[in-house]
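Asks: Below is the sequence, then the predicted model.
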Amino acid sequence: MNNPFFTQLPGIGIVDLLWFAAEGTGFLTCFTHALDRYIKHEPDFCEILACIVAMGSNMGLKQMAENSGMSYSSMKSTERSYLRLETLHAANDAISNATAALPIFPLYNIDDTLHSSSDGQRIETQINTINARHSQKYFGLKKGVSAYTIVANHIPINAKIIGTHEHESHYVFDILYNNTSDIKPQTHSTDTHGTNQVNFWILHAFGYYFAPRYRDLHKKIDSLVGFQHPQYYKDFLIKPARKITGELIEKEWPNVQRIMASLAQKDVTQATIIRKLSSYSRQNHTKKALWELDNIRRTIHILNFIDDVTLRQGVQKALNRGEAYHRFRRAIAFANSGKFRVKTESEQQLWNECSRLISNAVIYYNTVLLSRVYEQKIATGDKEAESIMKNISPVAWQHINLFGAFEFNKPSSRIDIDALVALYTDQDYWGKAILSDNNINEYLPFRGDGQI
């Protein structure tokens, strides 16, 4: 996050950056009018961008109208006509897909796998909404919600606002399966709060490898299962607690298939099904069969997690990327101390999507620059370029001006990426750009007293 690579870059305003992303991804064309016909005028892209920045930064339309000199009534009309969940989702997907097509994107794969993670970020609400709940740990005596986001290779590919009283594990499959971008994760990680009694099996059934990080892993070892009696494993270092009941799985398999089909067809909300399955009494035979299938998958993961240090590092790296995005989003939604000032749950979803869109635009700009520098270094035969560049995160905003007065007219001059890339041809500039705690001694000379 905020890698030294971006320290020396000239500053760029958020509006200019959004116009750059619009030219490269075409995301503005995703904002269609709520009416299919009888539209009397073309969309005003300046006002659409103004609404996105106003809502994504938690500033609100009135304050943005004052800061930009635009008409509040006109901005409000544009917001009602063009900013909907479907248009914002499409715009975010357009930017995410364009970022995924850049040359450096595959370098961010973890162990040659597209590894995603999901986690919730607590956001305080100033106005009590139906989904706002108390959380003493995060809000004290006040209320808030949780922005549950999935991040893959640093890109937030899907998000959903949920109540802080809701268990995050009920939405893991929902947020993965309803991801409409071209970025399709193969492995998915969460913290302990993302696990329940059915997620291992459900994600496996739909082609995902679920790899959570448990807070108290030693407690989970006591619940491992095996296909043989525990006595069979008496000479093993790690032993299962019991044998699985395969007959029950065979008997309830038709019911299990029906549940999986309902999840796939979206007949009901996936979170509702998973919540019900997780709360059934153990006497329910279908629930017990699902529990047994989940135990098998959980046992396999725990054994892999203990045995494979690369998997453990990959899970932690994926979760760290999610935390970096949370800090990034908090920096973008800077106004009003990052608190929601809206009255409905749908408005919370819209404002959160606008914050995600701004994040995606910044990540796209950074990734374009990183990709061009990477291609330049590869062309000159720099053998260390790949190992250096894949460790530079595009989640950086120290060179982005997110504050001040805003001018949303299309800039007269385009951002010259070639000029920025040319800066890194200078070895001194390149050396300072990749400084870190690990390689600082390679690029900075020592004084005679042994100090840098």
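Replies: Thanks, I have the structure now.
Asks: hang on, isn't Leu83 packed against Val53?
Replies: No: using C-beta atoms under 8 Å, Leu83 makes no contact with Val53, being 11.7 Å away. Every C-beta, even on glycine, is put in place using the N, C-alpha and C of the backbone.
Asks: Pull up the overlap in contacts between the two.
Replies: By C-beta atoms under 8 Å, 6 or more residues apart in numbering, Leu83 and Val53 have these common neighbours: Cys354.
Asks: Among the two, which residue is more densely surrounded?
Replies: Taking other C-beta atoms under 10 Å, Leu83 and Val53 do not tie; Val53 has more neighbours (23 against 20).
Asks: Same question for that one, what's its three-state structure.
Replies: helix (DSSP: H, G, I helix; E, B strand; the rest coil).
Asks: so where do the strands sit in the chain?
Replies: Taking DSSP state E as the test, the strands found in the chain are 12-13, 115-124, 133-134, 143-152, 155-163, 187-189, 209-210, 225-226, 242-243, 400-401.
Asks: now the ones you listed in a markdown table, with mean pLDDT?
Replies: Shown next, in a markdown table, are these (pLDDT from 0 to 100):
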| stretch | mean pLDDT |
| --- | --- |
| strand 12-13 | 91 |
| strand 115-124 | 95 |
| strand 133-134 | 90 |
| strand 143-152 | 95 |
| strand 155-163 | 95 |
| strand 187-189 | 97 |
| strand 209-210 | 96 |
| strand 225-226 | 94 |
| strand 242-243 | 93 |
| strand 400-401 | 91 |
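Asks: Quick check: which ranges of the stretch 251-400 of the chain have low pLDDT?
Replies: Residues of the stretch 251-400 of the chain meeting the criterion pLDDT under 70: 280-282.
Asks: most centrally placed residue in this structure?
Replies: Among the residues of the chain, the one closest to the centroid is Val151, at 2.4 Å (C-alpha atoms, centre = their mean).
Asks: List the residues that contact that residue.
Replies: Ser116, Ser117, Ser118, Ile157, Ala318, Arg321, Gly322, Tyr325.
Asks: these two touch, right, the first one and Val315?
Replies: Right, Ser116. No: counting by C-beta under 8 Å, Val315 is not a contact partner of Ser116; they are 11.1 Å apart.
Asks: any shared contact partners between the two?
Replies: Ser189.
Asks: Who has more neighbours out of those two?
Replies: Ser116 (28 against 24).
Asks: packing partners for the longest helix seen in the chain?
Replies: Criterion DSSP state H: the longest helix present in the chain is helix 345-379. When contacts are defined as 3 or more C-beta pairs under 8 Å, 6 or more residues apart in numbering; DSSP states H and E, helix 345-379 sits against helix 14-25, helix 45-56, helix 85-100, strand 143-152, strand 155-163, helix 309-332, helix 385-389, helix 417-423.
Asks: with the contacts of Val151 in mind, which one is nearest to His167?
Replies: Ser118 (12.9 Å; C-beta to C-beta).
Asks: wait, what's in contact with the closest one?
Replies: Per C-beta under 8 Å, 6+ apart, neighbours of Ser118: 148-151, 168, 171-172, 175-176, 188, 190, 194, 322.
Asks: Distance check, it against Ile358.
Replies: 20 Å (C-beta to C-beta, to the nearest Å).
Asks: Repeat that for Asn366.
Replies: Taken as C-beta to C-beta, the span from Asn366 to Ile358 is 13 Å.
Asks: and if you look at Leu49?
Replies: Applying C-beta to C-beta, the value for Leu49 to Ile358 is 10 Å.
Asks: any common contacting residues for the two?
Replies: Taking C-beta under 8 Å, 6+ apart as the contact rule, Leu49 and Ile358 both touch Leu18.
Asks: Tell me which of the two has more neighbours.
Replies: Using other C-beta under 10 Å, the more surrounded residue of Leu49 and Ile358 is Ile358, with 28 against 25.
Asks: Which residue, other than its chain neighbours, is closest to the more buried one?
Replies: Gly56 (4.5 Å; C-beta to C-beta, 6 or more residues apart in numbering).
Asks: doesn't Ala333 make contact with that neighbour?
Replies: Yes: assessed by C-beta under 8 Å, Gly56 is found in contact with Ala333 at 6.8 Å.
Asks: Name the residues contacting each of these two.
Replies: Common neighbours of Gly56 and Ala333 (C-beta under 8 Å, 6+ apart) are Trp351, Ser355.
Asks: tell me the contacts of Lys339?
Replies: Here Lys339 is in contact with Asn58, Ile123, Glu124, Thr125, Gln126 (criterion: C-beta under 8 Å, 6+ apart).
Asks: what's the burial count for Asp307?
Replies: So Asp307, with other C-beta under 10 Å, has 10 neighbours.
Asks: I meant to write Ala405 there.
Replies: Neighbour number of Ala405 under other C-beta under 10 Å is 9.
Asks: any idea how far Ala50 is from it?
Replies: From Ala405 to Ala50 the distance is 12 Å (C-beta to C-beta).
Asks: Look up the residues that both of these two are in contact with.
Replies: Joint contacts of Ala405 and Ala50 (C-beta under 8 Å, 6+ apart) are Ser68.
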